[in-house]
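Chemist: Predicted model follows, preceded by the sequence.
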Amino acid sequence: MCIKARRNDGDESIWPDERCQPPQERPSFPFAAQPPVCLRILSIEDPYHRYFARRYNGSSLHHDRTGVLLLIYVNGRVLSQPLTGVQRFSRELLRELTLLRDDIVIAAPPDASDFGPLASNVEIVGKRRGLAWEQLELPRFLRARKAPFLINLGNSAPVSYFNQLVVIHDIAFLKYPAGYGRTFRWWYTALLPYLSHTARKIATVSHFSRHEIAKAYRLDPVRIGVVYNAIGGDLTTPHGTEEGRSSDTFFTYASDSRLKNFDTVLAAFAKAREQVPIKLRCLSASEPHAGFIEALNTRFGEQTVVTLGRLDDNALSREYKKALGFVFVPYYAGFGLPPIEAQALDCPVLASRAGALPEVMNDSALLSAPESSTELADNMIALYQQRALAEKLTRLGRENITRFSWRKSAEALNLMLPPGA
């Protein structure tokens, strides 16, 4: 005997009951690189997962048997992590999602901090921290509350829990493993394929990433929702005296990572600088490139290339506002947030024809092959010499960013969640 469970999104799944005859062997993982045995112990045919399927086979997943409304919980581990792209995505999206729904609770570890407007939705859970909290205490806490739906926005989720949505931002670690540490690669190589087949819902940040994830983990792309990145108001409203836009200075991100492709940016700048008197300002710094930067300054004059270190949002906004153009040419991008940040501040963009960037940019940027310093140099020269081109890219950029907002992204995410009361 088998049970057919219809989910509230219309999908149907066949769930084998323990009375099914004859007994069937546990299927092997449906992808080539199987995770370690410790992760393969839990499959979609484990007793808890079968119980979950039978329990929630009604028309509304979000109510228990007595009709009591269940809250939706969020994995708040991201609130304890340094603020980078994934953490900013999580915080901004939650800010809008909590305005759309009143049944959101963020379960956070004891070391979480800086809640801001999310403070009223946060519940501190357990005593552990980091991965141990996520994999042990969080699922135990949820099961004690009738296994509510869990949202995971940061590339990770408890492996022993199944009633959940997981956002996988990209699989850059598979495409360009040299840019990541061995432990990081091992963990995500084991974790993400498993979660992609056991989680109830999967989401990602672009149609490009959806295709990449579906291909890598042998999923039907229809199973993967798309929730775009966006930009926050803090970055787009710089404070202080307005400065005019530079006529000769480009802005970029310095990075040690080969994936970010700072080598090509510097090589292209050197070629362009031989023909036109441009300058370059770089967010952060890159020790491996310090010698090359020093050589450029020796050759073309002091302050031709300047590294700025880390900047707060206000200082970063000013750099975008006064730059002739923003250069962003990684080898791979699951979305590519910095270019739309630049466009929101009227800064023309020079981007790579790689990853999700053509999807995100549409026709609003000058694109080049990530490995071609010559093509990028030509684009830099064209932007320097043609004021009309800069004005056109500014106008197209303003139109492009209307496609992205945290409210739209929260609404897209909300469509993937169990219905509210």
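Modeler: Received it, and whenever you're ready, just let me know what you need.
Chemist: Let me see the mean pLDDT of stretch 365-378.
Modeler: The predicted model assigns stretch 365-378 a mean pLDDT of 97.
Chemist: If we go by neighbour counts, what in the helix or strand harbouring T98 is buried?
Modeler: When elements are defined using DSSP states H and E, T98 is found to belong to helix 85-100. Of the residues in helix 85-100, 86-98 count as buried by neighbour count, 16 or more other C-beta atoms under 10 Å. Bear in mind the C-beta positions are built from the backbone N, C-alpha and C, glycine included.
Chemist: CA-only coordinates of whichever helix or strand comes after it in PDB, if you can.
Modeler: Tracing the chain past helix 85-100, the next element assigned as helix or strand by DSSP H and E is strand 104-108. What follows is strand 104-108, C-alpha atoms only, in PDB (Å, rounded to 0.1, in the frame of the first residue of the first chain):
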ATOM      1  CA  ILE A 104       7.300  34.500  11.000                       C
ATOM      2  CA  VAL A 105       9.600  33.600  13.900                       C
ATOM      3  CA  ILE A 106      13.400  33.700  13.500                       C
ATOM      4  CA  ALA A 107      15.000  31.000  15.600                       C
ATOM      5  CA  ALA A 108      18.500  32.300  16.300                       C
END
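Chemist: quick revisit: nearest to N297, of the buried residues of helix 85-100?
Modeler: In terms of C-beta to C-beta, no member of the buried residues of helix 85-100 lies closer to N297 than R88, at 32.6 Å.
Chemist: Check whether that closest one really touches A230, as I assumed.
Modeler: No. No contact is recorded between R88 and A230 when judged using C-beta atoms under 8 Å, the distance being 10.0 Å.
Chemist: ok, which stretches of the stretch 251-400 of the chain are strands?
Modeler: In the stretch 251-400 of the chain, the segments counted as strands under DSSP state E, counting those that start in this stretch are 279-283, 305-307, 325-328, 349-352, 366-368.
Chemist: and these as CSV, adding distance to L219?
Modeler: Conversion of the strands of the stretch 251-400 of the chain to CSV gives the following (distance: least, C-beta to C-beta, whole Å):
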stretch, distance to L219
strand 279-283, 35
strand 305-307, 41
strand 325-328, 29
strand 349-352, 26
strand 366-368, 29
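Chemist: one step back: please work out the angle formed by the directions of the helix holding T98 and strand 104-108.
Modeler: Angle of helix 85-100 versus strand 104-108, following axes from the mean of the first three to the mean of the last three C-alpha atoms, to 10 degrees, is 150 degrees.
Chemist: Just flag the most distant two among the buried residues of helix 85-100.
Modeler: Using C-beta to C-beta, the pair of these lying farthest apart is V86 and T98, separated by 18.6 Å.
Chemist: Just the CA atoms of stretch 290-297, as PDB, please.
Modeler: As requested, C-alpha coordinates have been extracted for stretch 290-297 and formatted as PDB (Å, rounded to 0.1, in the frame of the first residue of the first chain):
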ATOM      1  CA  ALA A 290      50.400  44.700  -4.500                       C
ATOM      2  CA  GLY A 291      53.500  44.500  -6.700                       C
ATOM      3  CA  PHE A 292      51.600  44.900  -9.900                       C
ATOM      4  CA  ILE A 293      49.700  47.900  -8.500                       C
ATOM      5  CA  GLU A 294      53.000  49.500  -7.400                       C
ATOM      6  CA  ALA A 295      54.500  49.000 -10.800                       C
ATOM      7  CA  LEU A 296      51.500  50.700 -12.400                       C
ATOM      8  CA  ASN A 297      51.900  53.700 -10.100                       C
END
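Chemist: For D111, give me the pLDDT.
Modeler: pLDDT, the model's per-residue confidence, is 94 for D111.
Chemist: distance between stretch 104-123 and the chain's centre?
Modeler: For stretch 104-123, the distance between its averaged C-alpha position and the chain's averaged C-alpha position is 20 Å (C-alpha atoms, centre = their mean, to the nearest Å).
Chemist: Would you mark the buried spots in it?
Modeler: Neighbour-count burial for stretch 104-123 flags 104-109, 112, 118, 121-122 (criterion: 16+ other C-beta under 10 Å).
Chemist: for stretch 250-265, same thing?
Modeler: Of the residues in stretch 250-265, those buried under the neighbour-count criterion (16+ other C-beta under 10 Å) are 250-255, 257, 259-265.
Chemist: returning to that earlier point: need the strands of the stretch 251-400 of the chain in TSV (columns: distance to W186 and mean neighbour count).
Modeler: Output for these, formatted as TSV (distance: least, C-beta to C-beta, whole Å; neighbours: other C-beta atoms under 10 Å):
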stretch	distance to W186	mean neighbour count
strand 279-283	30	21
strand 305-307	33	18
strand 325-328	29	27
strand 349-352	28	28
strand 366-368	34	21
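Chemist: These: which one's closest to E411?
Modeler: Between the strands of the stretch 251-400 of the chain, strand 349-352 lies closest to E411; by C-beta to C-beta that is 26.1 Å.
Chemist: Would you check how far apart the closest residue to L70 other than its chain neighbours and A107 are?
Modeler: Closest residue in space to L70, ignoring its immediate chain neighbours: P148 at 4.5 Å, by C-beta to C-beta, 6 or more residues apart in numbering. When distance is defined by C-beta to C-beta, to the nearest Å, P148 is 10 Å away from A107.
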